[in-house]
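Student: Model the following, please.
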Amino acid sequence: MKIKPLADRVVVKPVEEEEVKQGSIIIPDTAKEKPMQGTIVAIGPGKISDNGAKIEMSVKVGDKVLYGKYSGTEVTVDGEDYLIMRESDIFAIM
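Tutor: As a prediction, this is how the structure comes out:
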């Protein structure tokens with residue numbers, strides 16, 4: 001992976017939603033809901049607290065996670081779409 005997140009940030013690969021067609025209606029990409037789950041592909045070293053202690057990350061590479069619909073920043077690396085977000089934007093590990 002060419003992205004190394006800093007502090008308490010993680011890089012998530014969103015799960016690709018399978019396209020389901022009902023009849024002959026085609027839904028454009030702009031009208032589709034954003035996925036709210038993905039797999040962690042990189043994590044930062046952790047946050048430094050106010051007293052200088054390092055706070056370890058609760059997630060690890062390979063974890064499947066649920067996150068908010070509008071969480072993170074979308075980036076594209078080598079033609080692949082990823083999200084970079086803070087660990088606090090993750091709701092749960094699946």
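
Student: what's the helix or strand for the residue nearest in space to the middle of the chain?
Tutor: Centroid check for the chain by C-alpha atoms, centre = their mean gives residue 12 as the closest residue, at 3.0 Å. Using DSSP states H and E, residue 12 sits within strand 9-14.

Student: Chain neighbours aside, what residue packs nearest to residue 44?
Tutor: Closest residue to residue 44 apart from its sequence neighbours, by C-beta to C-beta, 6 or more residues apart in numbering: residue 5 at 4.1 Å. Just so you know, the C-beta spots here come from the backbone N, C-alpha and C atoms, and that holds for glycine as well.

Student: brain fart, residue 89
Tutor: residue 71 (4.0 Å).

Student: That neighbour: what secondary structure?
Tutor: coil (DSSP: H, G, I helix; E, B strand; the rest coil).

Student: I'd like to know how many residues surround it.
Tutor: 18 (other C-beta atoms under 10 Å).

Student: Report the separation between the residue lying closest to residue 92 once chain neighbours are set aside and residue 52.
Tutor: Nearest residue to residue 92 in three dimensions, chain neighbours excluded: residue 66, at 4.7 Å (C-beta to C-beta, 6+ apart). The gap separating residue 66 from residue 52 is 32 Å, by C-beta to C-beta, to the nearest Å.

Student: okay, these two: which has more neighbours?
Tutor: More crowded of residue 66 and residue 52, by other C-beta under 10 Å: residue 66, with 14 against 6.

Student: Who does the more buried one form a beta bridge with?
Tutor: Assessed by DSSP bridges, residue 66 has beta-bridge partners residue 37, residue 92.

Student: For it, give me its contacts.
Tutor: Counting by C-beta atoms under 8 Å, 6 or more residues apart in numbering, residue 66 touches 36-37, 90-92, 94.
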